[in-house]
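A.B. asks: Model the structure of this input:
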Amino acid sequence: MTAARLLPKYGANISGQLKCAMAGVVMCLLFAHDDAVFARSNYSAEVLWDRYGVPHIYAQDTADLFYGFGWAQVKSHGDLILRLYAEGRGKAAEYFGQQELDSDRWMTINDVPNRAQAWLKEQTPEFRANLIAFADGMNAYAAAHPEALSEAAKRVLPIGGADVIGYALRLFQYVYIAPQSIASRLPADAAAAPPDPATERNGSNGWAIAPSRSASGKTMMLMNPHLPWGPDWSTYYEAQLDAPGVHLYGATQIGLPVLRFVFSDQLGITNTVDKTNGVTFYKLAPAGGGYVFDGKARAFEASAVSLKVRRADGGFDTETVPVRRSVQGPIVGERNGAPIAMRVAGLDRPRALEQYWKMETAPDFAAYQAALRMMQVPTFNIIYADKDGHIEYLFNGLVPRHSSGALDYWKSAVPGDTSKTLWTSYLTYDELPKVIDPPGGTVQNSNDPPWNAAFPSTIDPAPYKPYISANDVSLRMEHGIRMLGEHSKIGFDQLLADRGSTRSELADRLLPDLDKAVAVYGGEAAKQAMAVLNRWDHTTDADSRGALLFLAWSDRLKQPDGYTAAGFAVPYDLSKPLTTPAGFADPKAAVDALAAAAKDMLASQGSLDAPWSQVMRLQWGGRDLPASGGPGRLGVFNVIDYTPPKNGVRAANFGSSFVAVVSFDSPSRAKVLMSYGESSQPGSSHAGDQLPLLAQKQMRDAWVDRAEVEANLESRDVF
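C.D. replies: Numbers count the residues shown, from 1 in each chain. A predicted model of the protein is given here:
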């Protein structure tokens, strides 16, 4: 292949000097990543940009479609994506400086860069070509518009297929899976910390409603992921992908070449974060310079990797990272002189992206099931619905199979001196908790365990005691179950209203008991505060008066932060999600906390009934608007959470990001919203341009028909 054959994909507007330079660099990367066998000399696609900055990508084959998707993502989020890809490559400190060194160490210790190269070779030829086309589209935009990217971001170029794999590997295994366990168990002297750890705030709501429960007789879905607003790995990107046999609309995390929240005329799929407990720590028994395993001393697999670290003056320092590996996995620290090894699920499953592609392009429910059986996607609850009326909830993930021991045992550092604790396989698809076409006609999940995916419960938690917690249940999930049960038939408008509910389940549960406790234990301050709470409508809307006081009280009381915790008199009961947990373990403490919260409110706000939006704001892209929506720990379904106070203001930084409400009519129709907008590039008009809709609790039509797109066209890219 010659450099000249690579030039057409960079467009006709590039100078000859730039063409030659980019062609040479791309050739180096193609061969370095073994992409050359699959590289194409040119691509053909069209991107129509609507007035919200959403790309609608049209192509005549799948590789062209992926190419156009890569082009679009870099146009909208180029600086951010290239930083994330640098982190997945394990060289971010080389391009961006010292602040990225911890991330590079973590990627090195976990061998992500080398595994990405190997995984690219393990893709099917067809999908490997798609991944390379996606990378080529990124490179093409960067070559055609070098002025649009920062100098630091351009250091990462060019991108290859292994970079796409490496970023996805980092995202799934080391952002989603590992931190679920690492947060509380990583040794204090760990060699490095995981980058951008997911927290308990990470979450989502997902519903599927069968025709039997739909007012129109059509299947419906709710897609509502909650993540930090970033901009970072958590940033979502909305797009339409259209090619022969492929007609998809939805969103994904930037940098991924497939959609994770998606609908077509045939089906819809959404995800929520689950807890697969896919990480195990092993406490090894030292033996000289190695460790003991099954009664014999073993040597560590040892190596050293040199990392370049860019200085402010443009020069480089070098850091050498020692890496030791046991049979269980890499050594991530020591505890009381004992090495701690970490084993992560899914490092033998390289085709998660292809599984997503097969799921979302499945022609029917049987084909979708076949895609699920690939068992490559390492985590996430998956909720499905289709036009034929099928719905499914799946506790999806690679759940390590344990020969013995309870869940708490496997959440500790288990003995690593024996093969008896070394898991080597996972629960199969047939063994995972799931609900298919339940009699009640709905499935739901809000990051809770699977037992009440269809209510009343249809899954017995007993067989899963070694694998899945029974009681990590959120009030947000319970609020969702309540709303699903309020109507025998759910209409599209009702679904829209439910998805935007700002009502606090925690307030509904506790305020009647608090009122009684104040009558017994309360002084004047508590009684005045209780009068405000009694007038409050229990919502976290912008104009709600009482919500700020309730938040100050509940946080001071240390009531549950979204999950069952100490403080309730009646613990959670799986069979009673609408009434448990409930009550106060210490009513007087609750009243004392109310008096203290009232004092805080008067000092900070000047009144007990200051409106929610006096503090809670939507600040993005130069906009400053009143916010509605509250933290999940209050049992609010439409989660919006906020930064700590700064100058008396808390800015939204977490929660509802991409939202879709879908009805599988003929054709399907949907309302959508991308809260913070479609671009993070400096100066973009699409950073925060959808905040006014969010502030007004509105959504917009998903323009799926090409005529609708043309009628709302902002610009067009053709190549």
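A.B. asks: so where's the protein shaky on pLDDT?
C.D. replies: By pLDDT under 70, the low-scoring segments of the chain are 1-39, 178-202, 558-566.
A.B. asks: rerun at 80
C.D. replies: 1-41, 178-203, 457-458, 470-472, 558-567 (pLDDT under 80).
A.B. asks: how distant is the lengthiest helix in it from the center of its chain?
C.D. replies: Ranked by number of residues, the top helix in the chain under DSSP state H is helix 62-89. On the basis of C-alpha atoms, centre = their mean, to the nearest Å, helix 62-89 sits 18 Å off its chain's mean C-alpha point.
A.B. asks: Tell me which residues of that helix come out buried.
C.D. replies: Neighbour counts over helix 62-89 (16 or more other C-beta atoms under 10 Å) mark 62-89 as buried. Just so you know, the C-beta spots here come from the backbone N, C-alpha and C atoms, and that holds for glycine as well.
A.B. asks: So which residues of the stretch 351-500 of the chain form strands?
C.D. replies: With strands called from DSSP state E, counting those that start in this stretch, the stretch 351-500 of the chain shows them at 381-386, 391-395, 413-415, 434-436, 442-445.
A.B. asks: Need these in JSON lines (columns: mean neighbour count and distance to Phe637).
C.D. replies: As requested, these are exported to JSON lines (neighbours: other C-beta atoms under 10 Å; distance: least, C-beta to C-beta, whole Å):
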{"stretch": "strand 381-386", "mean neighbour count": "26", "distance to Phe637": "15"}
{"stretch": "strand 391-395", "mean neighbour count": "25", "distance to Phe637": "17"}
{"stretch": "strand 413-415", "mean neighbour count": "16", "distance to Phe637": "37"}
{"stretch": "strand 434-436", "mean neighbour count": "20", "distance to Phe637": "20"}
{"stretch": "strand 442-445", "mean neighbour count": "27", "distance to Phe637": "11"}
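A.B. asks: Turn those into a markdown table, columns for distance to Lys489.
C.D. replies: Conversion of the strands of the stretch 351-500 of the chain to a markdown table gives the following (distance: least, C-beta to C-beta, whole Å):
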| stretch | distance to Lys489 |
| --- | --- |
| strand 381-386 | 16 |
| strand 391-395 | 15 |
| strand 413-415 | 50 |
| strand 434-436 | 20 |
| strand 442-445 | 11 |
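A.B. asks: Residues in a beta bridge with Lys671, which ones?
C.D. replies: Lys671 has these beta-bridge partners by DSSP bridges: Val661, Asp701.
A.B. asks: returning to what we had before: give the next helix or strand downstream of the longest helix of the chain.
C.D. replies: helix 92-96 (DSSP states H and E).
A.B. asks: tilt between the helix or strand that that next one is followed by and helix 62-89?
C.D. replies: Per DSSP H and E, the first helix or strand lying C-terminal to helix 92-96 is helix 101-109. Calculated by axes from the mean of the first three to the mean of the last three C-alpha atoms, to 10 degrees, helix 101-109 forms an angle of 110 degrees with helix 62-89.
A.B. asks: Just the CA coordinates for helix 101-109, please, in CSV.
C.D. replies: Provided in CSV are the C-alpha atoms of helix 101-109 (Å, rounded to 0.1, in the frame of the first residue of the first chain):
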residue,chain,number,x,y,z
LEU,A,101,1.3,9.8,35.4
ASP,A,102,-0.9,7.8,37.8
SER,A,103,-3.2,6.8,34.9
ASP,A,104,-0.2,5.6,32.9
ARG,A,105,1.1,3.6,35.8
TRP,A,106,-2.2,1.9,36.3
MET,A,107,-2.5,1.1,32.6
THR,A,108,1.0,-0.3,32.6
ILE,A,109,0.6,-2.4,35.7
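A.B. asks: Can you tell me which helices and strands that helix packs against?
C.D. replies: Helices and strands touching helix 101-109, as assessed by 3 or more C-beta pairs under 8 Å, 6 or more residues apart in numbering; DSSP states H and E, comprise helix 62-89, helix 92-96, strand 301-310, strand 316-325.
A.B. asks: Give me the helices and strands touching whatever helix or strand comes next after it, please.
C.D. replies: Using DSSP H and E, the helix or strand that directly follows helix 101-109 along the chain is helix 112-121. Other helices and strands packing on helix 112-121, by 3+ C-beta pairs under 8 Å, 6+ apart, are helix 62-89, helix 125-144, helix 161-169.
A.B. asks: Pull the contacting residues for Ile391.
C.D. replies: Taking C-beta atoms under 8 Å, 6 or more residues apart in numbering as the contact definition, Ile391 lies against 208-210, 219, 383-385, 436-438, 441-443.
A.B. asks: with these in mind, which one is nearest to Gly583?
C.D. replies: Thr442 (28.6 Å; C-beta to C-beta).
A.B. asks: Isn't that closest one up against Ile209?
C.D. replies: Yes: the pair Thr442 and Ile209 qualifies as a contact (C-beta atoms under 8 Å) at a distance of 5.4 Å.
A.B. asks: And the helices in the stretch 501-650 of the chain?
C.D. replies: For the stretch 501-650 of the chain, the helices defined by DSSP state H, counting those that start in this stretch occupy 505-521, 524-535, 547-557, 587-605.
A.B. asks: hmm, back to that, the helices and strands packed on helix 101-109 into JSON lines, with extra columns for distance to Thr540?
C.D. replies: Below are the helices and strands packed on helix 101-109 laid out as JSON lines (distance: least, C-beta to C-beta, whole Å):
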{"stretch": "helix 62-89", "distance to Thr540": "30"}
{"stretch": "helix 92-96", "distance to Thr540": "38"}
{"stretch": "strand 301-310", "distance to Thr540": "44"}
{"stretch": "strand 316-325", "distance to Thr540": "46"}
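A.B. asks: Which one of the ones you listed lies nearest to Phe654?
C.D. replies: Nearest to Phe654, of those and by C-beta to C-beta, is helix 62-89 at 17.4 Å.
A.B. asks: So what angle separates the directions of that closest one and helix 112-121?
C.D. replies: Computed by the same axes, to 10 degrees, the angle between helix 62-89 and helix 112-121 is 160 degrees.
A.B. asks: relative to helix 125-144, how tilted is helix 62-89?
C.D. replies: 70 degrees.
A.B. asks: Phi and psi next, for the nearest residue to Pro438 once chain neighbours are set aside.
C.D. replies: Using C-beta to C-beta, 6 or more residues apart in numbering and skipping the chain neighbours, the partner closest in space to Pro438 is Ala454 (3.7 Å). Main-chain dihedrals, Ala454, degrees, to the nearest 10: phi -120, psi 120.
A.B. asks: Ala454: neighbouring residues, count only.
C.D. replies: 24 (other C-beta atoms under 10 Å).
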